[in-house]
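In: got a sequence here, can you model it:
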Amino acid sequence: MEDDVRSGKPKKISSNQEKITALLDEDRRLTVRKLSENVDASLNTVHRVIADELKMSKVSDRWVPRLLTDDASYDG
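Out: Alright, predicted model coming up:
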């Protein structure tokens, strides 16, 4: 099985992603609304960057990297 060839450039790191990463490195407790105000982007854009590109999710009151994998096998 092989992937079909696609046209276009690979995704680059957006300036929003760099700004959001820097802000979250300073304070993991920032809300999507506060991040949205700081980077001047929509709530949906900020949430997409955090969830899809940075692979982070909200746990309690902090943004943390997801540690789960797609491999659901567990022998413990």
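In: give me the neighbour count for Asn44.
Out: The local packing of Asn44 (other CB atoms under 10 Å) involves 10 other residues. C-beta: built from backbone N, CA, C; applies to glycine.
In: same question for Glu2.
Out: 4.
In: also Met56?
Out: With other CB under 10 Å as criterion, Met56 counts 19.
In: is it in a bridge, and if so with what?
Out: Judged by DSSP bridges, the bridge partners of Met56 are Pro65.
In: for it, give me the pLDDT.
Out: Note on Met56: pLDDT of 89.
In: what sits against it?
Out: 24, 50, 63-66 (CB atoms under 8 Å, 6 or more residues apart in numbering).
In: now the strands for the protein?
Out: 56-59, 62-65 (DSSP state E).
In: identify all contacting residues around the last one.
Out: The contact list for strand 62-65 (CB under 8 Å, 6+ apart) reads 24, 28-30, 50, 54-57.
In: is it possible to get TSV of those that adds distance to Ser42?
Out: Formatted as TSV, the contacts of strand 62-65 follow (distance: CB to CB, whole Å):
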residue	distance to Ser42
Leu24	17
Arg28	21
Arg29	21
Leu30	16
Ile50	13
Leu54	17
Lys55	20
Met56	18
Ser57	19
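In: would you mind checking the residues you listed for buried ones?
Out: Those of these that meet the buried threshold are 24, 30, 50, 54, 56, by 16 or more other CB atoms under 10 Å.
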